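**Q** Have a look; sequence and predicted model below, questions after that.
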Amino acid sequence: MNYIGIDIGSTCAKFAVMDDDKNIVYKDSIPTGWSSPKAAEEIKSALSKNGFDAEKLRCIATGYGRISVPYADSVVTEITCHGLGAGFLFDRADMTVIDIGGQDTKIISLQNGKVSDFIMNDKCSAGTGRFLEVMSNALALSPDELCSMARDGSGVKISSMCTVFAESEIISLIGSGIERKDIAYAITESIAEKVASLAKKFAAASENVVLTGGLCEVDFLREMLGEKLGKPVISAPLARYAGAIGASLKAMEEK
């Protein structure tokens with residue numbers, strides 16, 4: 001038997017299929033685009049092409065667009081699914097999970113393998129993927145290019161946490177002749193500062209801090225987070241799929 005987990009985020013939709021032995025037999029991701037229902041249909045088509053009938057297999061949806069998956073058997077909050085997925089990927093019962101998404105950042109405390117508490121930054125895009133996207137556009141770079149360039153920069157700080165004001169500050173720095181690598185550093189440091197400020201309460205009481213979400217593969221950001229929290233922040237190759245994996249595990253639980 002196979003189980004489908006679908007995590008439709010604000011910018012990217014991830015999906016994963018697990019078997020009864022908890023092996024991930026298929027996974028993929030697509031841009032969410034402007035329409036979550038359209039993304040859900042594209043996911044259904046991709047699953048079908050790879051031999052998985054979403055109408056017949058048990059399916060759980062989570063994330064920003066979870067209510068837009070008509071073939072899902074049920075919907076589950078992203079906090080629950082990200083907690084389950086992170087516990088599975090990192091094989092730890094107690095840890096702090098930092099999930100940096102497109103429009104929000106989630107900090108989840110896991111104790112004895114279960115979610116004990118959480119905090120969300122969902123009122124402001126500072127410290128999220130959207131903030132990075134806007135700042136990258138201001139520098140005429142892709143987010144990956146900006147994060148790669150940031151490692152070689154230094155010595156510049158952004159004082160504004162609001163995305164709109166921070167973008168204006170970036171434009172002023174460009175006009176002042178500051179090198180792009182130094183501005184890129186300031187942007188990355190700003191994201192790390194915002195996320196660390198949100199996570200510090202949970203991280204201080206936890207030996208294990210892990211990073212999931214779309215920015216989990218940005219090593220420089222992860223290292224900066226570790227410096228600001230005073231302890232290592234680890235990630236894993238499949239960490240960006242934590243929500244989808246957690247949803248498939250939930251589907252297995254509810255069979």
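**A** Arrived safely, thanks for sending.
**Q** which stretches of the stretch 51-200 of the chain form helices?
**A** 78-90, 129-138, 143-150, 163-175, 180-204 (DSSP state H, counting those that start in this stretch).
**Q** Make JSON lines out of those helices and add mean pLDDT.
**A** Formatted as JSON lines, the helices of the stretch 51-200 of the chain follow (pLDDT from 0 to 100):
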{"stretch": "helix 78-90", "mean pLDDT": "95"}
{"stretch": "helix 129-138", "mean pLDDT": "88"}
{"stretch": "helix 143-150", "mean pLDDT": "91"}
{"stretch": "helix 163-175", "mean pLDDT": "87"}
{"stretch": "helix 180-204", "mean pLDDT": "94"}
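**Q** Out of those, which is the most enclosed?
**A** Compared across these, helix 78-90 shows the largest average neighbour count, a mean of 24 (mean count of other C-beta atoms under 10 Å). (C-beta placed from N, C-alpha, C; glycine too.)
**Q** ok, now how distant is Thr11 from Gly101?
**A** 8 Å (C-beta to C-beta, to the nearest Å).
**Q** Between the two, which contacts overlap?
**A** Common neighbours of Thr11 and Gly101, counting by C-beta atoms under 8 Å, 6 or more residues apart in numbering, are 129, 214.
**Q** Please compare those two by neighbour count and tell me which comes out ahead.
**A** Gly101 (27 against 16; other C-beta atoms under 10 Å).
**Q** Just to check, the more buried one is in contact with Cys216?
**A** No: look at Gly101 against Cys216 with C-beta atoms under 8 Å: they stay out of range, at 10.8 Å.
**Q** Please enumerate the strands of the protein.
**A** Taking DSSP state E, the strands of the chain run over residues 2-8, 12-19, 24-31, 58-62, 74-75, 95-100, 105-111, 114-121, 209-213, 233-234.
**Q** JSON lines for these, including mean neighbour count, mean pLDDT and distance to Met224?
**A** Converted to JSON lines, the strands of the chain look like this (neighbours: other C-beta atoms under 10 Å; pLDDT from 0 to 100; distance: least, C-beta to C-beta, whole Å):
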{"stretch": "strand 2-8", "mean neighbour count": "28", "mean pLDDT": "98", "distance to Met224": "26"}
{"stretch": "strand 12-19", "mean neighbour count": "25", "mean pLDDT": "97", "distance to Met224": "22"}
{"stretch": "strand 24-31", "mean neighbour count": "15", "mean pLDDT": "97", "distance to Met224": "25"}
{"stretch": "strand 58-62", "mean neighbour count": "27", "mean pLDDT": "98", "distance to Met224": "28"}
{"stretch": "strand 74-75", "mean neighbour count": "16", "mean pLDDT": "96", "distance to Met224": "34"}
{"stretch": "strand 95-100", "mean neighbour count": "28", "mean pLDDT": "95", "distance to Met224": "12"}
{"stretch": "strand 105-111", "mean neighbour count": "23", "mean pLDDT": "95", "distance to Met224": "15"}
{"stretch": "strand 114-121", "mean neighbour count": "16", "mean pLDDT": "92", "distance to Met224": "17"}
{"stretch": "strand 209-213", "mean neighbour count": "26", "mean pLDDT": "95", "distance to Met224": "11"}
{"stretch": "strand 233-234", "mean neighbour count": "20", "mean pLDDT": "96", "distance to Met224": "9"}
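**Q** Make TSV from those strands and add distance to Ile191 to it.
**A** Below are the strands of the chain laid out as TSV (distance: least, C-beta to C-beta, whole Å):
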stretch	distance to Ile191
strand 2-8	21
strand 12-19	17
strand 24-31	21
strand 58-62	24
strand 74-75	29
strand 95-100	8
strand 105-111	9
strand 114-121	11
strand 209-213	12
strand 233-234	13
